[in-house]
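Q: Predicted coordinates and the sequence they were generated for:
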Amino acid sequence: MIDVKEAQQIILSTVRVQPAEECGLSEACGRVLAEDLASPISMPLFDNSAMDGYALRSCDVAAATEDNPVYLTLSGEVAAGDGVESGMMLQPHHAAQIFTGAMVPAGADAVIRQEDVTAEETKITIKRAVKLNENIRFMGEEIRHGDKVLTAGTRLSPAGVGVLASLGQTSISVFSRPRVGILVTGSEIVGATADLRPGKIFDSNSFALAAALRELDIPVTFQKTCIDDRETLQRELIDGLNQTDVLLVTGGVSVGKYDFVKETAAKVGIEELFWRVKQKPGKPIFFGATTDRTKLFFGLPGNPASVLVSFYEYVRPALLSAMGMRGPFLTATIATLKNDFSKRVGLTHFLKGNLASDGTVEILERQGSHMMSSFARANCLVVLGEAVNDLAKGDKVEVHLLAV
Ligand code: AMP
Ligand code: MG
């Protein structure tokens, strides 16, 4: 049995990054840039005002005080969107009314806020000095033409999409997404519309996995349920592998008489890369790949909480790294425990937790791997390492945020 870190390392070293493709900007959120982006323009594009106010020459008002006000003659107005005529020059002892985002006219070297002046029809009164460059946002002060703005491997957030739009990009090169399949196994599993005869249970794993994949905007190209039967399973695995780059199988991966997933995976060309990790839940997790590593195979233990923990800790990082993302793991942080907790040493525990805005985390009731209700109320996993046993309220613990 290997530990969590080794398992994650094996996965990352097995994943192949998908080829790049072009993607329209409105579909780009969550995608990973396949190339560095050098800015085709400067940002800001031109010197502009940070305030609604008056553009002036700072030297004209250097001596202004409450008792010794300075008067400037008003000469026109520049609104956002107005182009300042080339050759237009603000004359000494003049000011131009200006609005946020409007071009600063030549000759002006500062903007005073409108709240700080008394304005009349043709002149303004100023009672304080204005610093050189005050309230001017300079061309290129954030990004200069040619600067590297975003690098390959960056997963685009809404802000990233906004930056690309501000630079006039309409499409970008991203890594394509792997096609993912879900095969839930178990002769007890039925769909919600079937009648629930004794011994049967509703399938929840395929729904939870499909929802998790939808959050990542990853296409599910194969989704089926399969009974615990060697021949049927073999057919479905072949079918599933043909239609996907990553196949997620749930159930049937432990040591029970009807657990056929591992042996059948081997029959259809999947090489075992690990089986069983020192963790709870999800100890019997299986990971394999075709010999050319073009197809990945996860055998997730069937208990619903094991499935989702395995998804967040292993499958999600594998998918994001196949999509070219640097640092594909859940964001980790340290939180203060709200309740006492005991575990045995030997396994890493992933516990459903609720992290509050004050940095305290509660380990929720009902942690059994067959129990999903606590997961539905959790916003993080509390991760207790193999060596941890008794913990008291106030102790610091590692948490992994269940973010998209
Ligand atoms: P297994 O890994 O096949 O031994 O299954 C472990 C437990 O998970 C059993 O109690 C199964 O009934 C349950 N289980 C397996 N697949 C599903 C599923 N798709 N939805 C809900 N529970 C499942
Ligand atoms: Mg089973």
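A: Sure, I can see it. Numbers count the residues shown, from 1 in each chain. Ligands and ions are numbered 1, 2, ... in the order given.
Q: CA atoms for contacts and neighbours, from now on please.
A: OK.
Q: Show me which residues of the stretch 301-404 of the chain are close to ligand 1?
A: When proximity is defined as Cα under 6 Å from any ligand atom, the stretch 301-404 of the chain approaches ligand 1 at 301-304.
Q: Mind checking which of these land in strands?
A: With DSSP state E as the criterion, strands contain none of these.
Q: Turn these into TSV, including pLDDT.
A: Formatted as TSV, those follow (pLDDT from 0 to 100):
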residue	pLDDT
Pro301	97
Gly302	96
Asn303	97
Pro304	97
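Q: Need the buried ones from those residues selected in PyMOL.
A: Entered in PyMOL, the line below selects the buried ones among those, by 16 or more other Cα atoms under 10 Å:
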select buried, resi 301+302+303+304
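Q: Closest one of the residues of the stretch 301-404 of the chain next to ligand 1 to Ser321?
A: Nearest to Ser321, judged by Cα to Cα, of those is Pro301 at 22.5 Å.
Q: wait, the closest one sits on Lys280?
A: No: contact criterion Cα atoms under 8 Å: Pro301 and Lys280 do not qualify, at 11.0 Å.
Q: Contact residues of this protein facing ligand 1?
A: Neighbours of ligand 1 within the chain, by Cα under 6 Å from any ligand atom: 184-186, 189, 203-206, 250-253, 301-304.
Q: near ligand 2, from the residues you listed?
A: Among those, proximity to ligand 2 is found for 186, 251-252 (Cα under 5 Å from the ion).
Q: Would you check that Arg366 makes contact with Ser374?
A: Yes: counting by Cα under 8 Å, Ser374 is a contact partner of Arg366 at 6.2 Å.
Q: higher neighbour count, those two?
A: Between Arg366 and Ser374, Ser374 has the larger neighbour count (other Cα atoms under 10 Å), namely 19 against 14.
Q: Confirm the more buried one sits in a helix?
A: Yes: looking at Ser374 with DSSP: H, G, I helix; E, B strand; the rest coil, it is inside a helix.
Q: Tell me which residues touch it, please.
A: Ser374 makes contact with 352, 364-367, according to Cα atoms under 8 Å, 6 or more residues apart in numbering.
Q: I'd like to know which of those are buried.
A: Among those, those buried by neighbour count (16+ other Cα under 10 Å) are 352, 364, 367.
Q: where does the stretch 51-200 of the chain have low pLDDT?
A: Scanning the stretch 51-200 of the chain for pLDDT under 70 picks out the ranges 86.
Q: which ones are touching Gly324?
A: So Gly324 contacts 17-18, 32-34, 153, 175 (Cα under 8 Å, 6+ apart).
Q: Actually, Gly76.
A: Gly76 is in contact with 96-97, counting by Cα under 8 Å, 6+ apart.
Q: how close does the closest residue to Lys148 other than its chain neighbours sit to Ile143?
A: Once flanking residues are discounted, Lys148 sits nearest to Ala38: 4.4 Å by Cα to Cα, 6 or more residues apart in numbering. Distance, Ala38 to Ile143, by Cα to Cα, to the nearest Å: 10 Å.
Q: What is the neighbour count of Leu209?
A: 20.
Q: Pretty sure it sits against Leu308.
A: Yes: using Cα under 8 Å, Leu209 is in contact with Leu308, at 7.2 Å.
Q: how close does Phe297 sit to Ala80?
A: In this structure, Phe297 and Ala80 are 56 Å apart, going by Cα to Cα.
Q: more crowded one of the two?
A: Per other Cα under 10 Å, whichever of Phe297 and Ala80 has more neighbours is Phe297, with 27 against 14.
Q: Now do the contacts for the more buried one.
A: 246-249, 270, 287-289.
Q: now it: how far from ligand 1?
A: 16 Å (Cα to the nearest ligand atom, to the nearest Å).
Q: Return the distance of that residue relative to Gly282.
A: In this view, Phe297 and Gly282 are 16 Å apart by Cα to Cα.
Q: Run through the bridge partners of Asn48.
A: Assessed by DSSP bridges, Asn48 has beta-bridge partners Met103, Arg137.
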